[in-house]
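In: 3D model of this:
(2 chains)
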Amino acid sequence: MAAIAIVLGAVLGFAAIKFRTVGNPLADKIDAILPQTQCGQCSYPGCKPYATAIAAGEADINRCPPGGEEGIRKLADLLGVDFKPFGGDTNAPKPKSVAFIDESTCIGCTLCIQACPVDAIAGAAKQMHTIIAAECTGCELCVAPCPVDCISMVVIEEKITSWKWKYPAFALTPAK
Amino acid sequence: MRALYHFHGGIHPPSNKTQSTLLGIAPAPLPSRLIVPFHQHAGEAAKPLVHAGEKVLKGQLIGLPDGFISSAVHAPTSGTIAAIDMQPVAHPSGLPNLCATLIPDGKEEWIPLKVIDYHSLSPAELQQLLRMAGVVGLGGAAFPTDIKLRIGKQKINTLILNAAECEPYITCDDMLMRERAAEIVQGAEMLRFMVDAGEVLVGIEDNKPEAITAMQQAVTDSGMPFEVVSIPTIYPGGGAKQLIRVLTGLEVPSGKLPTDIGVQCFNVATTYSAYRALAHGEPLLSRIVTVTGNVRQARNYEVLIGTPINELVALSEVLPDSNSYIMGGPMMGLPLPTVHVPVIKATNCIIAASEKLFPPPPPALPCIRCTRCVEVCPAELQPQDLYWFAKARDFGKAQAFSLFDCIECGACSYVCPSHIPLVQYYRFAKSEIHAREKEKQTADSARERHEFHLHRIEREKQEKAEKLAAKERAAQAAKSGTTGSAAPNEATDIEVRRAHIRELAQSHVEHSKE
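Out: Numbers count the residues shown, from 1 in each chain, chains lettered A, B, ... in the order given. Sure, this is the predicted structure:
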């Protein structure tokens, strides 16, 4: 009995060291579902902190407007909880857009560069700034700091390359 | 006689091919203007090389291949570029795409053509020539031919010329083989040389006896050891995987390419244009298009790429009760959003449709689980399950049930007693899955960039603190220093800076490792 206990204890001890979980796997899984806009609309400073808060049971799953209802559904699926519609205090989901700098108005103050969570604005002090549209997540964090209001959000239009087949729907025709 | 095999399922829709084979191929007259899209092929669009107002010669390169899977675009005739702008094109979305509008000058002035001896060049050089000649698959998918010829280490045992042309109404390959068989055989030898294939098989459905005779004659005349095989007529026998199965008995595994089992397929029209490109130096400027359906005189035309379809169908005199047009066949074809779109490299057929010819389908009824779709599916899928998953937007399950092995042939919708537009559901599910994968990629890159952003801010903070500390140390040293010599101070300063740089490099390496 004692021998078995010692052997099993050794195995468990070894496993605890060898297969130690690093980080928070649940938070990582939640983070993988979040859209990574890093917009802070959930009141947390980025997607990772929000994921950690959900994992710790401190935050609701319906606080991420860019993720949309589908995001909530996925989170509900992962966490085994019921779907919850968006709460009253969160913004409504918007169509995906990217920031656009009116370059003739930009004074080169670098405030937007400091606000951008994904370093998607190129420029330097007293030089014109511009958005790297491919990297912009549409978080709108650069809009508020701009002292000359030269940043606007442009909705991404559907192009041939991004077009999707629609869910088959058929127009009803009135009976003759 | 070669032993032939069967693939699962298949259907026998009315072929409707004889109408358009009564007359030979006619060259279509030069249209009033040509609209040449820069994105006519699978992969990336070509990059425009010309400006509005520029004069171009016939065969001049106007769009450079941009990206690995891409192809060149040429001026189909000599004339002036009137505009480079967004024009309506043949796409299910009905959205416009970048096109060059060319006003022909009627002179048909060619660029100087380079004739080469293909035996003197390596396969890689020949592939580059085909890429720059804009040769793409003319069967309908428009996949760049040079990519299909890059086979890597695989050994190709069998090269198959796909001349099955299984879809109803379409006869462009049939007529091409009847009239230009010798050139096709020469082209086949060039492709065989490039992939170093053992045997060459030409698969033709037995509803085209004239084409079979013509091809057999051309093969005998050329003395090549090719084999022309007559295969039973069944839709979709012209699907690459289905044709490979019928001719060789081999099955292309799910998610693999034909080259993985030592087979490669090319359409006959593609083979013909590869021959024109290599033997005559002519880029792909025209193709054979069947104009049929609700027209007075159905016929095949040799049409310049970019010819507006309204001008093309006018040649066959469209009957007044036509209400829409289909590009391709009735099974897999694309209903055109408007007739004012240009012919592209993938345009094999234009069908004028009327309510009498293609009555609108009755409203879809619920699936009754009769599994007739399972019986006819050539990819051996469970179409009713895929429909169920696509309808419920359960894309993971749809993928698990091999949605991406579906070739969208439409056999399932054809036999469905409830008239459910099954293929539309599969297309919807496929494009949703693709869009999600793309979204996931952008989210991953945003996450990476955000992490680097945080890391950079942290690093800058640290640097500032260290600089401050170094300054304080220096000030203290200056205070307590007796002689206060500048040299050692400078040395420590340099040491501090060096340490910074090392640290920066280190942290960068670490980040890129992450």
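
In: for the strand or helix carrying B:W388, which outside residues touch it?
Out: Taking DSSP states H and E as the criterion, B:W388 maps to helix B:383-391. By CB atoms under 8 Å, 6 or more residues apart in numbering or on different chains, the surrounding residues in contact with helix B:383-391 are B:367, B:369, B:371, B:373-374, B:377, B:395, B:397-398, B:401, B:403, B:406, B:412, B:420, B:422, B:425-426, B:428-429. Quick note: C-beta positions are derived from backbone N, CA and C, even for glycine.

In: which among these count as buried?
Out: B:367, B:373-374, B:377, B:395, B:397-398, B:401, B:403, B:406, B:412, B:420, B:422, B:425-426, B:428-429 (16 or more other CB atoms under 10 Å in any protein chain shown).

In: enumerate every residue touching the residue nearest to A:T105 when sequence neighbours are not counted.
Out: Ranked by CB to CB, 6 or more residues apart in numbering or on different chains and with sequence neighbours excluded, the top spatial neighbour of A:T105 is A:C150, at 3.7 Å. For A:C150, the contacting residues are A:I101, A:D102, A:E103, A:T105, A:C106, by CB under 8 Å, 6+ apart.

In: same deal with B:V195?
Out: Per CB under 8 Å, 6+ apart, neighbours of B:V195: B:P123, B:L149, B:I151, B:I156, B:L159, B:Q264.

In: output the helix or strand hosting the last one as CSV, nothing but the C-alphas.
Out: This points to B:Q264. Using DSSP H and E, B:Q264 falls within strand B:263-267. Extracted in CSV, the C-alpha atoms of strand B:263-267 (Å, rounded to 0.1, in the frame of the first residue of the first chain):
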residue,chain,number,x,y,z
VAL,B,263,-2.5,12.5,-63.0
GLN,B,264,-3.0,15.9,-64.5
CYS,B,265,-5.9,17.2,-66.5
PHE,B,266,-6.1,19.9,-69.1
ASN,B,267,-9.1,21.1,-71.1
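
In: the chain: helices as residue ranges?
Out: Defaulting to chain A. Here chain A has its helices, by DSSP state H, at A:2-18, A:25-33, A:47-55, A:68-79, A:111-115.

In: not quite, I wanted chain B
Out: For chain B, helices defined by DSSP H occupy the ranges B:123-132, B:145-149, B:172-195, B:209-222, B:240-248, B:268-279, B:309-315, B:372-376, B:383-391, B:395-400, B:411-415, B:422-480, B:486-513.

In: output the helix holding B:W388 as PDB, nothing but the C-alphas.
Out: Extracted C-alpha coordinates of helix B:383-391, given in PDB (Å, rounded to 0.1, in the frame of the first residue of the first chain):
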ATOM      1  CA  PRO B 383     -26.300  16.300 -49.900                       C
ATOM      2  CA  GLN B 384     -29.300  16.200 -47.700                       C
ATOM      3  CA  ASP B 385     -27.100  16.400 -44.500                       C
ATOM      4  CA  LEU B 386     -25.000  19.200 -46.000                       C
ATOM      5  CA  TYR B 387     -28.200  21.100 -46.800                       C
ATOM      6  CA  TRP B 388     -29.400  20.600 -43.300                       C
ATOM      7  CA  PHE B 389     -26.100  21.900 -41.800                       C
ATOM      8  CA  ALA B 390     -25.800  24.900 -44.200                       C
ATOM      9  CA  LYS B 391     -29.400  25.900 -43.600                       C
END
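
In: could you list the domains of chain A?
Out: A:23-93, A:95-159 (automatic domain parsing).

In: quick one: the longest one to chain centroid distance?
Out: Put simply, domain A:23-93 sits 8 Å off its chain's centre (CA atoms, centre = their mean, to the nearest Å).

In: please see if that domain touches chain B.
Out: Yes - on the criterion CB under 8 Å from any CB of the partner chain, domain A:23-93 is in touch with chain B at A:D31, A:L34, A:P35, A:Q36, A:T37, A:Q38, A:G46, A:C47, A:K48.

In: give me the neighbour count for A:L12.
Out: 9 (other CB atoms under 10 Å in any protein chain shown).

In: quick check: it vs B:G333, distance?
Out: 65 Å (CB to CB, to the nearest Å).

In: do the same with B:L98
Out: From B:L98 to B:G333 the distance is 24 Å (CB to CB).

In: between those two, who's got more neighbours?
Out: B:G333 (22 against 18).

In: would you agree that one is in contact with B:I326?
Out: Yes - taking contacts as CB atoms under 8 Å, B:G333 lies within contact range of B:I326: 4.2 Å.

In: overlap of the contact sets of these two?
Out: Residues touching both B:G333 and B:I326 (CB under 8 Å, 6+ apart) are B:C349, B:I351.

In: ok, A:T130 - contacts?
Out: A:I101, A:E103, A:I121, A:A122, A:G123.

In: correction: the previous question concerned A:T37.
Out: A:C47, A:P66, A:T137, A:G138, A:C139, B:A446.

In: next, count neighbours for the first one.
Out: Right, A:C47. By the measure other CB under 10 Å, the count of residues near A:C47 is 29.

In: which residues touch it?
Out: A:C47 sits next to A:D31, A:L34, A:P35, A:Q36, A:T37, A:Q38, B:R447, B:H450 when contact means CB under 8 Å, 6+ apart.

In: how much space separates the second one from A:K48?
Out: The reference is to A:L34. 8 Å.

In: please apply the same query to the last one.
Out: Using CB to CB, B:H450 is found at 8 Å from A:K48.

In: and for B:A443?
Out: As judged by CB to CB, B:A443 and A:K48 stand 12 Å apart.

In: got it, and B:G106?
Out: Here the criterion is CB to CB. By it, B:G106 lies 65 Å from A:K48.

In: neighbour count: these two, which is higher?
Out: A direct count of neighbours by other CB under 10 Å for B:G106 and A:K48 places A:K48 higher, at 21 against 10.

In: didn't that one look like it was pressed against A:D31?
Out: Yes - counting by CB under 8 Å, A:D31 is a contact partner of A:K48 at 5.6 Å.

In: which residues do these two both contact?
Out: Common neighbours of A:K48 and A:D31, using CB under 8 Å, 6+ apart, are B:R447.

In: so where's the chain uncertain?
Out: Answering for chain A, as no chain was given. Chain A contains residues with pLDDT under 70 at A:170-176.

In: wait, chain B was what I had in mind.
Out: For chain B, residues meeting the criterion pLDDT under 70 lie at B:1, B:481-491, B:505-514.

In: report the contact partners of B:L138.
Out: The contact partners of B:L138, by CB under 8 Å, 6+ apart, come to B:N267, B:A269, B:T270, B:S273, B:R287, B:K345, B:A346, B:N348.

In: any idea how far the residue lying closest to it once chain neighbours are set aside is from chain A?
Out: Spatial nearest neighbour of B:L138, excluding adjacent residues (CB to CB, 6+ apart): B:A269 at 3.9 Å. For B:A269, the distance to chain A equals 25 Å [CB to the nearest CB, to the nearest Å].

In: count the neighbours of B:A269 for me.
Out: B:A269 has 26 neighbouring residues, counting by other CB under 10 Å.

In: quick check: closest non-adjacent residue to B:H12.
Out: B:I234 (6.4 Å).

In: for the one you found, give me its contacts.
Out: B:I234 makes contact with B:G10, B:I11, B:H12, B:C166 under the criterion CB under 8 Å, 6+ apart.

In: got phi/psi on the nearest residue to the first one once chain neighbours are set aside?
Out: So the one you mean is B:G10. The shortest distance from B:G10 to any non-neighbouring residue, by CB to CB, 6+ apart, is to B:I234 (4.1 Å). With angles defined as degrees, to the nearest 10, B:I234 sits at phi -160, psi 140.

In: near chain A, which residues of the stretch 301-450 of chain B? Just list them.
Out: The interface of the stretch 301-450 of chain B toward chain A, taken as CB under 8 Å from any CB, is made up of B:363-364, B:421, B:424-425, B:427-428, B:430-432, B:434-435, B:439, B:442-447, B:449-450.

In: what is the strand holding B:Q264 packed up against?
Out: Applying 3 or more CB pairs under 8 Å, 6 or more residues apart in numbering or on different chains; DSSP states H and E, one finds that strand B:263-267 contacts helix B:145-149, strand B:158-163, helix B:172-195, helix B:240-248.
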